[in-house]
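> turn this into a structure:
(one chain, ligands or ions: 1)
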Amino acid sequence: MNDESQKEKLRQHFARRVTTQARVVLDTWQKIHEDRDKAAAHRNEFAAATDKLVRYAQRFEMESHARAGQTTLELINQWEPGSALDEGLERQLQDAIETLSQSTLRRTDRNSSEAPHQFRRTPVYIALANQEMASRLIRQLEFFGFRASAFANADELTEACALHKPETILVDVNFGGSPNAGITTIEHLQERHDTPIPIIFMSDEDGSIETRLQASRCGGEEFFYPAVDPGQLIEKIETYTHGNTVEPYKVLVLDDSRAQAKYMETVLKKAGMTAHIITDPMQIIHALEEFSPEIIILDMYMPGCTGMEIARVIRQQDRFHSVPIIYLSAEEDVSKQLHAMSLGGDDFLTKPIDPKHLIATIHNRGRRARSLLALMIRDSLTGLFNHTHTLHLLDQEIVRARQKEQPLCFAMIDIDYFKKVNDTFGHPIGDRVLRSLSMFLKQRLRKTDHIGRYGGEEFAIILPNTRPSDARNVLNEIRERFSELQQPAGDREFNVTFSCGIAAWDDDTSQALCERADRALYSSKELGRNCVTLADT
Ligand SMILES: Nc1nc2c(ncn2[C@@H]2O[C@H](COP(=O)(O)OP(=O)(O)OP(=O)(O)O)[C@@H](O)[C@H]2O)c(=O)[nH]1
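Numbers count the residues shown, from 1 in each chain. Sure thing, here's the model as predicted:
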C-alpha cells in the first residue's frame, strides 16, 4: 500500500470515530428530549459525550463536527447541573443538535457507503423459501440503506424478532416447507407484540381467498401472488418502513388564556406533536408565516375578536385555505357550534378539553389534510414534490438563505439514455427506475434537502445551507453509488447512470438559478454523461 492510500485509510478510520461519537451525542439528546422529567439525570452524560466529540473532531480536523459540537457544548455549559432544562435553552440546543445532525448525515466522506446504515437502524426481515432470491434482495436493500437479514427457518426468525422488532417482514406463505407454515409462524410472532408488525406475504402457489384472509388477519398488509421481482418488493418495503417515520404534526394554538394555552402545549407535546402557542390574536399572521402549521386550534371567544373572525382571515390566504381549523369553547349550544363551523372551521371541541379526544381529532384531521396536500404538491409516480411545488420551495429557501446569510445550492439530475431503458425493457421497468432513483435520493440526502421530480426523467434537488463543493461531493457520491445499483428486469439486470448540474445561489432569482443548473446539466451530458458539473457563478 502506498503512502497516499495508507493516509486515506487512516483518515476514513478517524472520520468514522467522529461520526460514531456524534451519534452518541444525538442519542443522548434524544433521551433528554423524550423524557424531560429525567432530563437533568442525563445532563452530565450529554456534556461528556459532546466534549469528547469536540476533542475527536478537532484532532481529526473534521471542522463542521467540531463547530457544531462546540456550539452545543457552550449551550450545555449554561445548563446548571441537577436543574431542569429551561425552555429557551432547549430550543437553542435543538437548533445546535440539528446542525450537528446535518453534519453527521451529510455524506461527503469517501467511505460513506456505510452511512445510511447508521440511521436506518430498525431491520427488515426476510423469510423466503428461495435463498438466492433472499440474498439478492438483501444486496439491493443495502443499496437503499436498509438493514436487512434473511432467515433459513421459523425458529431463527422468531428469535431475531424477540431480540429486535423489525420494521417489516417479507415472508413466503409456505416458509418452513409445509403449506401455510409461514402464516402460522407469523400468527405466533404477532401474539408477542403489542402492535403488529406489518407483513408482506408472497406465494407462488396459493392465491386463494382462504389463504389471503388468514394472511390479512395476522397483519398481512400485502399479498403477492404470484411472487414478484425484487424491484417491486423493495418499493413495498420502502412504503412500510417510511410509514413508521411519520413527521410530527405541526399544530398552532391560539388561546388568550395563558394557562389553557400552556396546558394544550403540554398535551400536544406529550403526544409527540410540534406545538406553537400564541395568546395574542394579533400575532396570527406572523405565526402562520413563521411556523407554517398543518392544523390550527382557535379559542372561540377572545378579547378584541372571535375565533370565527380569525378563521375567516386565515382562509383568505391561499396557502392556508385547506388547513384544518378546530375551535375550542365552552359553548354547548349545537346551533352556535354549527354556525361557527360554517365560518371556516372544521371541528368543535368543548372545554374542558379531553386530551384523548383532542389528539384523536388532530390525528384524523391531520391525516386527511396531509393526503389532500400530497395530491396537490407531490408527483404520483415517485411521491417526490412536483415541479410547481419544487419551484415554490426554491423561492422559500432563497428567502431563508438571504435572511440567514447562508449558502444554497440547486441541482438538476437527468437519467442518461432513459429512452433506451424504456425501449429495451418497457415503460413499467422505466417507471421502476424512476422510483428507484427517487428512493435512492430520499435515502442518501439530508432531511432538510428538498427533492422534486422536475419533469419526465429529470429531478431537482434544493440543498439549503450547503457550499457548492459539498453539494458536488454529495451528488458525485450518489451518482457513483447509483450507477452500481443493479436494476432488476425479470431475469436480467442492468445499470443506469445519471448526469447532474449544480448551481450555487449567487443572490440571483430562482429562475436564473435554475437556468444555470440546467446549463451545467447540459455540460455534463456534453462531457459524455454520468458526471456532475458545477456551474460558474
Ligand atoms: N417510463 C417512463 N418514461 C418516461 C417518463 N417520462 C418521460 N419518459 C421517457 O424518458 C425518455 C427521455 O428521453 P430523451 O429526452 O431522448 O433522453 P435520454 O434517452 O434520457 O437521453 P439523454 O438524456 O440525452 O442521456 C423518453 O423516452 C420519455 O418517453 C415516465 O414517467 N416513465
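
> which of the residues in stretch 306-315 are buried?
T306, G307, M308, I310, A311, I314, R315 (16 or more other CB atoms under 10 Å). Glycine gets a C-beta too; all of them are placed from N, C-alpha and C.

> the stretch 1-150 of the chain: strands as residue ranges?
Under the criterion DSSP state E, counting those that start in this stretch, the stretch 1-150 of the chain contains strands at 124-127, 148-150.

> who does the first one touch, helix- and strand-wise?
Which is strand 124-127. Judged by 3 or more CB pairs under 8 Å, 6 or more residues apart in numbering; DSSP states H and E, the packing partners of strand 124-127 are helix 131-143, strand 148-150, helix 154-163, strand 168-172.

> other residues contacting it?
134, 137-138, 141, 146-151, 154, 157, 160-161, 166-172, 175, 182, 185, 237, 241 (CB atoms under 8 Å, 6 or more residues apart in numbering).

> then stretch 141-157?
By CB under 8 Å, 6+ apart, stretch 141-157 touches 115-117, 119-128, 131, 134-135, 137-138, 160, 169, 171, 175-176, 181, 185, 189, 234, 237-238, 241, 439-440, 443-444, 481, 484-485.

> filter those residues to the buried ones?
Counted by 16+ other CB under 10 Å, the contacts of stretch 141-157 give 115-116, 120, 123-128, 134, 137-138, 160, 169, 171, 175-176, 181, 185, 189, 234, 237-238, 241, 439-440, 443-444, 481, 485 as buried.

> which of those are close to the ligand?
Filtering those for proximity to the ligand by CB under 6 Å from any ligand atom leaves nothing.

> re earlier: and the buried residues of stretch 306-315, which is closest to the ligand?
Comparing these against the ligand with CB to the nearest ligand atom places R315 closest, at 35.5 Å.

> spatially nearest residue to that closest one, not counting backbone neighbours?
G344 (4.6 Å; CB to CB, 6 or more residues apart in numbering).

> quick one: name the residues of this protein near the ligand.
So the chain meets the ligand at 381, 414-420, 422, 427, 430-431, 434, 456-457, 525, 529 (CB under 6 Å from any ligand atom).

> and those residues, which are buried?
D414, I415, D416, F418, N422, G430, L434, E457.

> so who does the nearest residue to F385 once chain neighbours are set aside touch?
Closest residue in space to F385, ignoring its immediate chain neighbours: G452 at 4.0 Å, by CB to CB, 6+ apart. Contact analysis of G452 by CB under 8 Å, 6+ apart lists D379, L384, F385, N386, H387, H389, T390, L393, F459, A460, I461, I462.

> hmm, 7 Å instead?
L384, F385, N386, H387, H389, T390, F459, A460 (CB atoms under 7 Å, 6 or more residues apart in numbering).

> so P281 touches D255, yeah?
No - contact between P281 and D255 fails when scored by CB atoms under 7 Å: they sit 9.8 Å apart.

> does the closest residue to the ligand within the stretch 251-400 of the chain count as helix, strand or coil?
At 5.8 Å from the ligand, L381 is the closest residue in the stretch 251-400 of the chain, using CB to the nearest ligand atom. When classified by DSSP: H, G, I helix; E, B strand; the rest coil, L381 comes out as coil.

> for it, give me phi and psi.
phi -70, psi -40 (degrees, to the nearest 10).

> my read: it touches S436, true?
No - L381 lies out of contact with S436 (CB under 7 Å); the separation is 11.6 Å.

> circling back to that earlier point, can I assume the residue nearest to R315 sits in a helix?
No - counting by three-state DSSP, G344 is not part of a helix but coil.

> count of residues packed around it?
G344 has 20 neighbouring residues, counting by other CB atoms under 10 Å.

> for the chain, which helix or strand comes out least confident on mean pLDDT?
helix 115-119 (a mean of 35; mean pLDDT, DSSP states H and E).

> hmm, back to that, doesn't the residue nearest to F385 belong to a strand?
Yes - when three-state DSSP is applied, G452 is found to be in a strand.

> so how far is the ligand from the residue nearest the centre of the chain?
Centroid-nearest residue in the chain: K447, 5.7 Å away (criterion: CA atoms, centre = their mean). Remark: distance between K447 and the ligand (CB to the nearest ligand atom, to the nearest Å) = 26 Å.
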